[in-house]
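Asks: quick one, structure for this:
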Amino acid sequence: MEIIQEFKIIWGYLRKYKKTVIKTAVLAMVGATITAIIPYIYGRLVDAVSIEVFSLDFVLALLGIWVLMSLCSAILKRMISVSASFTSINVSNDLMCESSEHIINLPLSFHKEKKVGEILSKIVRAGERLREIIGYMAFWVLPQFFTVLVGITILFFVDWRLSFGALIIFLASVVITIYRTPLILESSKKLNEKFDKGLGVLSDSLLNVQAIKSCAAEKFQQEKIDFSYRKEVALAFRKIIILWHNTTLFQQTILSLGFLIIFGYAIFLLKINQISSGELIMFLGYLNLVQAPLSDLLYQWISFQQGMTIIKRVRELLAIKPENYNPSGEILKETKGEVEFKNISFGYKKKNLILTDINFSVPAGQKIAIVGGSGEGKTTLVDLISLYFIPTQGKILVDGVDIKKLNLSFLRRIIAYVPQEIILFNDTIKNNIQYGKPDATDQEIIEAATAANAHPFIESFPKKYEQLVGERGIKLSTGQKQRLAIARALIRDPKILILDEATSSLDTESERLVQKALEKLIKNRTTFIIAHRLSTVRNADKILVLEKGKIIEQGTHKELIAKKGAYHKFYSLQFRK
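Replies: Predicted structure coming up:
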């Protein structure tokens, strides 16, 4: 049954805190039992004082028990509340950490397809719902259910007819809830989709605010946000609110009318002396005791189902297979940086290949340039070296070893990547450089920054290396960001270096400084250079010309110019006067 699977999911998160859960559950059951007994006590108290001659000691004893049980109930509720709150927060944090860890470990292909906002929406909402389920439902609603059962059971001993009537009302309410739940869950599913989509649009807007402002597109972007939230999300919310209130109306109508009929019948039984005044008072106490939890139970059951729908969506993400880091894979004792592509073909879909029959080798320490038009597969080709994507066929060797056989963490540690669009963390300059080597000393950080021609501009900031760079490095110029990226690469001391259009968007002075830094970075490293500006690749040891995912030419600058082929054509177009 699905409900059993859902409880297994919840227990899977609680298992880590089993001792605390068991202790709290026992306290909750004791508290629920005490709560269920109290109406019986004051019912007996009424009967005790209704007779002409009553025992004062017995009445005082009942009052004392009542007070004692009320105090115990209050203390237990406080203990349960604290324990439930701590446990629910811990469990929610576990889900958040587990989800983020898993998603970070998913392949790059996943992250290229999904919006950050949609993923965050799923994780955050699942964490919130899990906290509610654990903190409220597990430690309060289930004990309330126990209270209802104990209350109805005691009612059977008071008068089986009244108890049987209460049980029928309870079952009728359950039937209505079960019937209405699928309608609400279907609406909840649509609401979740609209909500995730809206958060995706909002996230895109905040992450790309500079582009929005540069295009003066604030109004256009706000219209997209308004459409997502004020129309799609709001409409989905309205539908589910109407369903909720209609369901609540049906439940309350059944409970109110049902209990009113039973109360009338109880008055009749009192009139014909079938029950005592104390038993009537006791019965009223149990009606109040049962009615509130019943309403809450029915409401929380639907809420539980909604919460599980959201949690299951995160678990679908957790079911996606992460990258194989191959912890038992080979770690080379000595890395030179020799790279060889053997019959490599690749496509995100097998029928649509982006790269076809790629064959070339790069001796350690050499510079290889990859040129060609946009969309020809240049970036995809170098991404394969880091195993961001798995080749459809063929193999890539590093120092003669198939990279699939290497420990993936080791492979990526020996490779440094400097892209065209530098992404920096909203952190200090020091921490952004140190990210390349977490255990780097302050001296190593300064040396890397100096070699990258970044030290002078860093020293000009008020907080120097402790200066915050802002979201995505927005407080720095493009040239400054590039030099920090080079410093981050330098501090790693990689054997293989990938430069993807690293100087294409710089002004003349920034390009001069970055080129000087790159010269230091490239020295004695196997380097792959992707560039549209052919002036930056003339000194490469080998140039590959890509067209439609195939290598159509390869050689030195002089050799390719002499061929008067595709490279000669590209070069002539860029440098003709």
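Asks: only C-alpha atoms for contact and neighbour calcs from this point on.
Replies: OK.
Asks: and the gap between residue 273 and residue 280?
Replies: Computed as CA to CA, to the nearest Å, the residue 273 to residue 280 distance reads 11 Å.
Asks: so the two - more neighbours on which side?
Replies: residue 280 (21 against 10; other CA atoms under 10 Å).
Asks: which pLDDT value belongs to that one?
Replies: What the model reports as pLDDT for residue 280 is 75.
Asks: just give the closest residue to it, not the sequence neighbours.
Replies: Closest residue in space to residue 280, ignoring its immediate chain neighbours: residue 266 at 6.7 Å, by CA to CA, 6 or more residues apart in numbering.
Asks: next SSE after the helix or strand containing the one you found?
Replies: Residue 266 is located in helix 234-271, with elements delineated by DSSP states H and E. Sequence-wise, the next helix or strand downstream of helix 234-271 (DSSP H and E) is helix 277-318.
Asks: circling back: for the helix holding residue 266, buried residues please.
Replies: For helix 234-271, burial by neighbour count (16 or more other CA atoms under 10 Å) applies to 236-237, 240, 243-244, 247-248, 251-252, 254-255, 258-259, 262-263, 266-267, 269-270.
Asks: angle of it against helix 277-318?
Replies: Orientation check (axes from the mean of the first three to the mean of the last three CA atoms, to 10 degrees): helix 234-271 against helix 277-318 gives 160 degrees.
Asks: past the helix or strand hosting residue 369, which element shows up next along the chain?
Replies: Using DSSP H and E, residue 369 sits in strand 367-371. Scanning forward in sequence from strand 367-371 by DSSP H and E, the next helix or strand is helix 378-385.
Asks: ok, for residue 229, nearest residue in space, not its chain neighbours?
Replies: Closest to residue 229 by CA to CA, 6+ apart is residue 198, at 6.1 Å.
Asks: that neighbour: how many residues sit nearby?
Replies: With neighbours defined by other CA under 10 Å, the count for residue 198 comes to 24.
Asks: going forward, the N-terminal residue is numbered 3.
Replies: Yes, from this point I'll number from 3; that puts the last item at residue 200.
Asks: wait, it touches residue 232, no?
Replies: No - with contact defined as CA atoms under 8 Å, residue 200 does not count as touching residue 232 (9.8 Å).
Asks: circling back to that earlier point, who touches the residue nearest to residue 231 in this structure?
Replies: Taking CA atoms under 8 Å, 6 or more residues apart in numbering, we find residue 200 in contact with 227, 230-231, 235.
Asks: residue 557 too?
Replies: 543-546.
Asks: what pLDDT does it get?
Replies: For residue 557, the model assigns a pLDDT of 89.
Asks: ok, now the one 3 residues further on?
Replies: As summarised for this prediction, residue 560 has a pLDDT of 88.
Asks: and residue 548, that one's in a strand?
Replies: Yes - assessed by DSSP: H, G, I helix; E, B strand; the rest coil, residue 548 belongs to a strand.
Asks: need the contact list for the residue lying closest to it once chain neighbours are set aside.
Replies: Nearest residue to residue 548, sequence neighbours excluded (CA to CA, 6+ apart): residue 374, at 5.1 Å. By CA under 8 Å, 6+ apart, the contact list for residue 374 reads 380, 534, 547-549.
Asks: repeat for residue 341
Replies: Residue 341 makes contacts with 363-366, 398-402, as judged by CA under 8 Å, 6+ apart.
Asks: 10 Å instead?
Replies: Contact partners of residue 341, counting by CA atoms under 10 Å, 6 or more residues apart in numbering, are 362-366, 368, 387, 398-405, 498, 528-529.
Asks: also residue 417?
Replies: Applying CA under 10 Å, 6+ apart, the residues near residue 417 are 339, 387-388, 491, 494-500, 527-529.
Asks: among those, name the ones in strands.
Replies: Counted as lying in strands by DSSP state E, out of the contacts of residue 417, are 498-500, 528-529.
Asks: just flag the most distant two among these.
Replies: Spatially, the most separated pair among these is 500 and 528, at 8.6 Å (CA to CA).
Asks: what residue ranges in the stretch 3-152 of the chain are flagged as low confidence?
Replies: Low-confidence segments of the stretch 3-152 of the chain (pLDDT under 70): 3-4, 44, 49, 51-56, 139-140, 142, 144.
Asks: the helices in it, which residues?
Replies: 4-16, 20-52, 58-106, 110-115, 118-134, 144-160 (DSSP state H, counting those that start in this stretch).
Asks: need the contact list for residue 552.
Replies: By CA under 10 Å, 6+ apart, the neighbours of residue 552 are 347, 356-361, 378-379, 546.
Asks: can you add neighbour count and give those residues back as TSV?
Replies: Listed next are the contacts of residue 552 as TSV, based on neighbours: other CA atoms under 10 Å:
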residue	neighbour count
347	23
356	20
357	23
358	19
359	16
360	20
361	16
378	19
379	23
546	22
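Asks: for the stretch 253-402 of the chain, which spans come out with low pLDDT?
Replies: The model of the stretch 253-402 of the chain has pLDDT under 70 over residues 296-297, 299-300, 352.
Asks: tell me how far residue 10 lies from residue 17.
Replies: Using CA to CA, residue 10 is found at 10 Å from residue 17.
Asks: now do residue 41 against residue 287, distance only.
Replies: 5 Å.
Asks: who has more neighbours out of these two?
Replies: More neighbours surround residue 41 than the other of residue 41 and residue 287, with 24 against 19 (other CA under 10 Å).
Asks: residue contacts, the more buried one?
Replies: Neighbour list for residue 41: 47, 68, 153, 156, 281, 283-291 [criterion: CA under 10 Å, 6+ apart].
Asks: what is in contact with residue 500 and residue 528 at once?
Replies: In contact with both residue 500 and residue 528: 369-370, 417, using CA under 10 Å, 6+ apart.
Asks: am I right that residue 343 is in contact with residue 387?
Replies: Yes - at 9.1 Å, residue 343 and residue 387 qualify as touching, with contact defined as CA atoms under 10 Å.
Asks: next, show the common contact partners of those two.
Replies: Common neighbours of residue 343 and residue 387 are listed as 397-400 (criterion: CA under 10 Å, 6+ apart).
Asks: give me the subset of those residues lying in strands.
Replies: Among the shared contacts of residue 343 and residue 387, the members found in strands (DSSP E) are 397-400.
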